[in-house]
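1. what follows is a predicted structure for the sequence shown.
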Amino acid sequence: MDKPVAQAIETKLRQALSPTHLSIIDESGLHAGHAGARAGGESHFRVEVESAAFAGLSRVERQRRVHAVLAAELAGPVHALSLRLTAPGEHRTAG
């Protein structure tokens with residue numbers, strides 16, 4: 001199955017942040033019928049990134065960095081983006 005938005009997100013994050021961990025989950029199916037939901041999905045994502053690029057940055061600075069990288073997607077097909085952003089050695093928790 002072709003997932004062009006998820007592929008674009010992955011490519012851009014890998015190029016910009018060289019992550020040691022990257023997980024992109026399309027949660028669009030959970031939002032069917034809600035505002036911003038597209039018939040083909042790929043509108044709501046949960047993204048986890050672990051990258052040395054986040055070391056020393058606040059949570060807000062990390063989010064701004066990811067938002068800048070994904071500006072085109074956020075201006076277009078992506079309606080919602082949930083982020084968990086860590087630097088290596090920081091604890092990643094579920095939820």
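-> Sure, I can see it.

2. rest of the way, CA atoms for contacts and neighbours
-> Noted.

3. and the next helix or strand past the helix or strand harbouring residue 63?
-> Here residue 63 sits within helix 59-69, counting by DSSP states H and E. The C-terminal neighbour of helix 59-69 among helices and strands, as given by DSSP H and E, is helix 71-75.

4. so what secondary structure elements neighbour the helix or strand just after that next one?
-> As assigned by DSSP H and E, the chain's next helix or strand after helix 71-75 is strand 80-86. With contacts taken as 3 or more C-alpha pairs under 8 Å, 6 or more residues apart in numbering; DSSP states H and E, strand 80-86 sits against strand 44-50, helix 59-69.

5. other residues contacting the first one?
-> Just to be clear, that refers to strand 44-50. Strand 44-50 has contacts (C-alpha atoms under 8 Å, 6 or more residues apart in numbering) with 19-28, 31, 37, 78-88.

6. excluding sequence neighbours, find me the nearest residue to the residue most central in space within the chain.
-> Geometric centre of the chain, nearest residue: residue 47, 3.6 Å, by C-alpha atoms, centre = their mean. What sits nearest to residue 47 in space, not counting adjacent residues and going by C-alpha to C-alpha, 6 or more residues apart in numbering, is residue 24, at 4.6 Å.

7. and the helix or strand containing the one you found with strand 80-86, angle?
-> Per DSSP H and E: residue 24 is located in strand 21-26. Relative orientation of strand 21-26 versus strand 80-86 (axes from the mean of the first three to the mean of the last three C-alpha atoms, to 10 degrees): 170 degrees.

8. so for strand 21-26, mean pLDDT?
-> In this model, strand 21-26 has an average pLDDT of 95.

9. did I read that right, residue 19 in a strand?
-> No. Counting by DSSP: H, G, I helix; E, B strand; the rest coil, residue 19 falls outside a strand, being coil.
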